[in-house]
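Chemist: Here's a sequence, model it:
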Amino acid sequence: MNDSGNDRSIRVSDVMGSQVHAIDGLATVAEAMEIMQRLQISSLVVNRRRDDDELGLIVVSDVAREVIAHNRAPERVNVYEIMSKPTLTVRTGMLARYAVRLLVNFRVSRALVVDDDGSPLGLVTLRDLVLGLTPE
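Modeler: Numbers count the residues shown, from 1 in each chain. Got it, this is the predicted structure:
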């Protein structure tokens, strides 16, 4: 919220992270974990295989739920096996309060921010959105 108590002007672009780190779907989960650890991030965008394909997303919670909890070896599981695809996307101009509703309704913690051509611009998390709407 801004000083007047009006959150109507806060947009996704105001609170999103602008770095996009990507990985190929054929990479192993072990490779994804190494990248996430090295960069201190909790998600990676999974590249399209073809122009008409959709982007994917792999999150630390996917690794925990689909690999570690099932005692699977991360070096024997490919990213495409556990990623979310298509990933939920939002535009930079979307009002933050609507983005919160969208993420809550789909029960996800983050969305990929894309431009009008569907190219990734960044990520926005529920945390980013909620804290961006918090009164100062």
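Chemist: you'd agree T92 is up against V113?
Modeler: Yes. The criterion here is Cβ atoms under 8 Å, and T92 meets it with V113 at 5.9 Å. To be clear about C-beta, it is placed using only N, CA and C from the backbone, and glycine gets the same treatment.
Chemist: the more surrounded of the two?
Modeler: Using other Cβ atoms under 10 Å as the criterion, T92 and V113 rank with V113 on top: 23 against 17.
Chemist: list the contacts for the more buried one?
Modeler: Counting by Cβ atoms under 8 Å, 6 or more residues apart in numbering, V113 touches 12-13, 16, 89-92, 120-124.
Chemist: For this protein, which segments count as helices?
Modeler: In the chain, the helices defined using DSSP state H lie at 12-15, 29-39, 60-63, 79-82, 96-106, 126-132.
Chemist: if we can go back for a sec, please spell out the ChimeraX selection for the buried subset of the contacts of V113.
Modeler: Filtering the contacts of V113 down to the buried ones (16 or more other Cβ atoms under 10 Å) takes a single ChimeraX command:
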select :12,13,16,89,90,92,120,121,122,123,124
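Chemist: can you redo the contacts of V113 as CSV with distance to D51?
Modeler: Output for the contacts of V113, formatted as CSV (distance: Cβ to Cβ, whole Å):
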residue, distance to D51
V12, 25
S13, 26
M16, 25
T89, 17
V90, 22
R91, 20
T92, 22
P120, 15
L121, 18
G122, 21
L123, 22
V124, 25
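Chemist: Filter the contacts of V113 down to the ones in strands?
Modeler: Judged by DSSP state E, strands contain the following of the contacts of V113: 89-91, 120-124.
Chemist: Now for V45: which residues touch it?
Modeler: For V45, the contacting residues are 20-23, 55-57, 87, 112, 120, 123, by Cβ under 8 Å, 6+ apart.
Chemist: Fine by me, we can end here.
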